[in-house]
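Chemist: With the sequence up front, the predicted model follows.
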Amino acid sequence: MMSVASQVLSLLVRQGATVAVAESLTAGLIGAALTDPAGASAAFRGGVIAYATDLKESLLGVPSDLLDREGAVHPEVAAAMATGVRKLTGSDYGLAVTGVAGPDPQDGKPAGTVHVALAGPGERLWHRDLRLTGDRDTIRTATCREALNLLQGVLEANTGEHSG
């Protein structure tokens with residue numbers, strides 16, 4: 001995961017862009033991965049760990065009616081978190097994850113249900129809806145990897161680069 005984080009940071013620096021993260025089930029794993037490489041401060045702005053549902057609303061601006069209607073584990077919630085952290089930090093990109101690490105279901109959603117969203121320049125949004133398997137640690141690690149892969153793919157598309 002660290003090599004992906006290094007590649008992401010390199011792409012961000014080359015593009016003169018920044019990223020911030022909004023994390024729920026990963027509770028800081030993505031931010032930790034992105035700040036592990038030396039020089040991370042050139043592109044990483046910060047993050048919000050909104051583990052409790054009410055913090056998604058109060059810190060990241062996720063609409064309360066959306067949370068009341070769908071719960072915290074929903075693609076629109078991930079998108080709102082990504083948009084919210086981007087605005088909050090003044091970043092070019094906002095990367096967000098919300099989901100169920102398990103072992104128990106949440107809001108009627110089984111463990112392994114994860115939504116990843118990336119908000120970028122021009123109000124663009126990208127997302128992935130995941131159905132992961134494994135124990136709690138496996139799901140959290142896989143979520144981190146999928147989030148970084150989404151960001152890497154978008155950044156590579158912006159520069160015409162592709163990893164093989």
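Modeler: Thanks, I have it.
Chemist: For the helix or strand Val85 falls within, name the packing helices and strands.
Modeler: In this structure, Val85 sits in helix 75-89 according to DSSP states H and E. Helix 75-89 is packed against strand 19-23, strand 44-49, helix 53-60, helix 64-70, strand 93-99, strand 113-120, strand 124-131, with contacts defined by 3 or more C-beta pairs under 8 Å, 6 or more residues apart in numbering; DSSP states H and E. C-beta: built from backbone N, CA, C; applies to glycine.
Chemist: Export the ones you listed as CSV, with columns for mean neighbour count and distance to Ala80.
Modeler: Formatted as CSV, the helices and strands packed on helix 75-89 follow (neighbours: other C-beta atoms under 10 Å; distance: least, C-beta to C-beta, whole Å):
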stretch, mean neighbour count, distance to Ala80
strand 19-23, 29, 9
strand 44-49, 20, 12
helix 53-60, 18, 7
helix 64-70, 13, 7
strand 93-99, 30, 8
strand 113-120, 26, 8
strand 124-131, 14, 10
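Chemist: What distance do you get for the residue nearest in space to the middle of the chain to Glu76?
Modeler: For the chain, the residue lying nearest the average C-alpha position, counting by C-alpha atoms, centre = their mean, turns out to be Ala96 (2.6 Å). Taking C-beta to C-beta, to the nearest Å as the measure, Ala96 falls 11 Å from Glu76.
Chemist: now the helices and strands packed on helix 75-89 as a markdown table including mean pLDDT?
Modeler: Below are the helices and strands packed on helix 75-89 laid out as a markdown table (pLDDT from 0 to 100):
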| stretch | mean pLDDT |
| --- | --- |
| strand 19-23 | 98 |
| strand 44-49 | 98 |
| helix 53-60 | 97 |
| helix 64-70 | 97 |
| strand 93-99 | 98 |
| strand 113-120 | 98 |
| strand 124-131 | 98 |
